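# All I have is the shape, not the residue letters:
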């Protein structure tokens, strides 16, 4: 990346935008003498998003599921990590444009910029119903959940107190289910004995899914099992009605306002603007419609992968926006680049191989569908935990996450119950110390 | 705390303001059938401040050194925890005033509101030289340290790059020494191999102390040893010159501006406004001058302890603002209240017993002075670590902190190197995902 290096280096320069699962897999697959790589992200860390809901529910610390990107590639001299925000691509000049005015020239570009939660055209709901994509999102949701109980403890009006101890989760996919189950466990078990005026056991957790069943990516019998398991945890489930408003008063669905001071959005995602950068066609969620080899139409030197790309699986269904799909796409692009550099111009199509679906519901409850194997209940829950620990990076984080889970399992004690950032107590003068 | 309880409960009501070391020790010492307790803090967590610098330097996670206050007292029905900000005391009516307009009546009041860093009348320095008292302070400093290296990696101008890799720590007490030593280790060891344009080994860490030696609370020979040990770590030490300006350009001391983009303030503290609340005399640092039994002059039913109080040790020197002193004072006040309730009106004076002083400098380097025993080097460092793990609350945090330290010791790998909150990359559009 040094300027002198840029001038004299005649290695093929691959620029990867985004250090998520897809971007990392690309860089990991591109170990090649003829390549130098610049990995650009606007965060300094890779995030293990599948466990982000556990940060939001005070089960894990932020550093348990995030790694500095440059630490991951410290041993690879040919990889330069750049903390920066990409604002566009000049495909004609083959340059990536950064927010500070800099431009980075590339020979091959890989866009792996992911997606963000979306409100179906109702961005005004965001302040009342935050979504969950970044560490800051997670600590924001954690603060709101914990503050709701604190405010309820100080509230005299029974109606307002009921709204403070009502939690609405919008969206019945894996994230919504995991959030609902964990918040129910937090309220009904972890907080036991800590309050003097409210009873956290009376907390209402309401999961609102617009479709006919939760976890629509699973077979109906597993969906039904998950619904029953959630209800055993005390979660109320509303099906078949979309949320039509989120305000400071609560969430409206089925024509009725449910007073709730905490709403969490787990319903929709919108892709990052790769399609807009390149003037290429996109699907409804903003994902760029790539060629079968994941390149951009008319630009074989640009690839788009992960949640930023729309591509079909072998059976014609869209490749889902999950970590294994992004990783497979990153590896596929790395293979394609290596083959081209070896003089084998290839456009081998990407073929998604489903690694199976897992979703956890609560303590000792999960569902697993590998196609050839379906599990539910305790064994599925152990499988879910082992799989997620396995996919964490590095022995330290595997050990720390495992230990945190052991503590929660044995003692219902969640370690990260911190209200930080934002106003802790109402109208606190900034310089007063307690 | 419930209103019905307040109306019918004729137990003696002790209100404790502040959940630091002093406040917790008071509540822990007040296990008594005749007492009910309300503990008020504007944070939901107790913080183990002696290790806060390790959060600021990416060695520990926030949740490793903080505990929800209400969790600590979940088993004691007579203790109510209240998240709120105290804005004053109505001593005539015996009521504590909260920022939301509520008032809490007390029979006995214990003020343990601590101190905050102070800029000797130069509050305008704060944006450029943040101090270290809260978890947010720590993550702010962590973000600044890590961002400075990221910006340096992208900086072409050699002078600006030098300023970005210059860190000034103002104040040569234990916190300043610990910060300087850890930042030097972070730069010279942890970041090794991660940057392509800058060499983190060239980082300058400058410790500025206005007095004639660092760690003035220790004997001169131990101060000298600490200075030599810090210098071996690559820290530059400036003695005898006070900082006269902190700006975006850097820190001025000895009449010269040292260009530095990161300045950390570890120089002075100002007590919380207990003296102003009560109209009582205070010392220069704002600490209320209490009676020998720690009560407020003219108000035997109000006690002030910890960093909010000024009281003399048996030898006439002021009791230092350290955790063991606050804990001893909390226990003393609890004993006094119990004795009064048992019909033994006593005003036994508080006697501070120094538990010794410990300060760590870097890996395998610390100094310990117990009076009867003085140690330096490796053995002192082990003692320091064991003592600090011992004083953490709960097996989980002891285990987690120990494991984090083992990792840092063996692999120089610091787990919590996260740039969070605030703008990660300059001018990042809020909704763009990577």
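Alright, I've got the coordinates. Predicted, not measured: the structure shown is a model, and the values here were computed from it. Numbers count the residues shown, from 1 in each chain, chains lettered A, B, ... in the order given.

# List the contacts of the most centrally placed residue in chain A.
Of all residues in chain A, the one closest to the mean position by CA atoms, centre = their mean is residue A:49, 3.9 Å from it. By CB atoms under 8 Å, 6 or more residues apart in numbering or on different chains, the contact set of residue A:49 is A:20, A:21, A:133, A:323. To be clear about C-beta, it is placed using only N, CA and C from the backbone, and glycine gets the same treatment.

# of those residues, list those near chain B.
Counting by CB under 8 Å from any CB of the partner chain, A:20, A:133 from these sit close to chain B.

# from the contacts of residue A:49, which ones fall inside strands?
Applying DSSP state E to the contacts of residue A:49, no entry is found in strands.

# Mind putting the contacts of residue A:49 into JSON lines with distance to residue A:106?
Shown next, in JSON lines, are the contacts of residue A:49 (distance: CB to CB, whole Å):
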{"residue": "A:20", "distance to residue A:106": "19"}
{"residue": "A:21", "distance to residue A:106": "21"}
{"residue": "A:133", "distance to residue A:106": "26"}
{"residue": "A:323", "distance to residue A:106": "25"}
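
# Chain neighbours aside, what residue packs nearest to the closest residue to chain B within the stretch 251-400 of chain A?
Per CB to the nearest CB, residue A:272 is where the stretch 251-400 of chain A lies closest to chain B, at 4.5 Å. Take residue A:272 and drop its neighbours on the chain: the residue closest to it by CB to CB, 6 or more residues apart in numbering or on different chains is residue A:113, 3.8 Å away.

# what do you get for residue A:292?
That would be residue A:349: by CB to CB, 6+ apart, it lies 3.6 Å from residue A:292.

# now the strands: where do they sit in the stretch 1-150 of chain A?
Using DSSP state E, counting those that start in this stretch, the strands of the stretch 1-150 of chain A run over A:12-17, A:35-41, A:45-47, A:66-68, A:79-83, A:86-90, A:95-98, A:103-105, A:108-111, A:115-117.

# which helices and strands does the third one pack with?
By that I understand strand A:45-47. Judged by 3 or more CB pairs under 8 Å, 6 or more residues apart in numbering or on different chains; DSSP states H and E, strand A:45-47 is in contact with strand A:66-68, helix A:69-72.

# quick one: strands adjacent to that strand?
The pairing partners recorded for strand A:45-47 under DSSP bridges are strand A:66-68 (antiparallel).

# re the thing from before, surely the residue of the stretch 251-400 of chain A closest to chain B and residue A:118 touch.
No: contact criterion CB atoms under 8 Å: residue A:272 and residue A:118 do not qualify, at 11.1 Å.

# Which one's more surrounded, these two?
residue A:272 (28 against 19; other CB atoms under 10 Å in any protein chain shown).

# quick one, phi/psi of the more buried one?
Per-residue torsions, residue A:272: phi -70, psi 160 (degrees, to the nearest 10).

# Flag every buried residue along stretch A:287-306.
Neighbour-count burial for stretch A:287-306, counted by 16 or more other CB atoms under 10 Å in any protein chain shown, picks out A:287-291, A:293-296, A:299, A:301-306.

# ok, now stretch A:334-350?
A:334, A:336, A:337, A:338, A:340, A:341, A:350.

# how long is that stretch end to end?
12 Å (CA to CA, to the nearest Å).

# for the record, mean pLDDT for it?
Averaging pLDDT along stretch A:334-350 yields 90.

# How about residues contacting that stretch?
A:12, A:14, A:25-30, A:32, A:34-35, A:108, A:291-295, A:300, A:303, A:311, A:328-329, A:332.

# what's the answer for stretch A:394-413, then?
Here stretch A:394-413 has contacts from A:51, A:59-61, A:64-65, A:67, A:185, A:189-190, A:192, A:363, A:385, A:388-390, A:392, A:414-415, B:71, B:396, B:399-400, B:403, B:407, B:413, B:415, using CB under 8 Å, 6+ apart.

# For PyMOL, write the select line for the buried members of those.
Those of the contacts of stretch A:394-413 that count as buried under 16+ other CB under 10 Å are selected in PyMOL with:
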select buried, (chain A and resi 51+59+60+61+64+65+67+185+189+190+363+385+388+389+392+414+415) or (chain B and resi 71+396+399+400+403+407+413+415)
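
# Mind checking which of the contacts of stretch A:394-413 land in strands?
Using DSSP E, the contacts of stretch A:394-413 in strands are residue A:67.

# Show me the contacts of stretch A:394-413 that map onto helices.
Members of those lying in helices (criterion: DSSP state H): A:185, A:385, A:388, A:389, A:390, B:71, B:396, B:399, B:400, B:403, B:407.

# And those, which two are furthest apart?
Within the ones in helices among the contacts of stretch A:394-413, A:390 and B:71 form the most distant pair, 30.9 Å apart (CB to CB).

# export the helices and strands packed on strand A:45-47 to TSV and tack on distance to residue B:41 and mean pLDDT?
Output for the helices and strands packed on strand A:45-47, formatted as TSV (distance: least, CB to CB, whole Å; pLDDT from 0 to 100):
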stretch	distance to residue B:41	mean pLDDT
strand A:66-68	29	93
helix A:69-72	36	94
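
# so which of the ones you listed is the most packed in?
Of all the helices and strands packed on strand A:45-47, strand A:66-68 carries the top mean neighbour count, a mean of 25, counting by mean count of other CB atoms under 10 Å in any protein chain shown.

# From the chain's centroid, how far away is that one?
Centroid separation for strand A:66-68 versus its chain: 15 Å, with CA atoms, centre = their mean, to the nearest Å.

# Name the surrounding residues that touch it.
By CB under 8 Å, 6+ apart, strand A:66-68 touches A:44, A:45, A:46, A:47, A:48, A:135, A:393, A:394, A:397, B:194, B:417, B:418.

# now stretch A:379-389
So stretch A:379-389 is contacted by A:50-51, A:358-360, A:363-368, A:375, A:398, A:401-402, A:405 (CB under 8 Å, 6+ apart).

# what about it, distance to the chain center?
So, by CA atoms, centre = their mean, the centroid of stretch A:379-389 is 19 Å from its chain's centroid.

# avg pLDDT for that stretch?
Stretch A:379-389 comes out at a mean pLDDT of 92.

# just stretch A:355-373 next, same as before
91.

# what separates residue A:90 from residue B:357, distance-wise?
61 Å (CB to CB, to the nearest Å).

# nope, residue A:19 is what I was after
In terms of CB to CB, residue A:19 sits 44 Å off from residue B:357.
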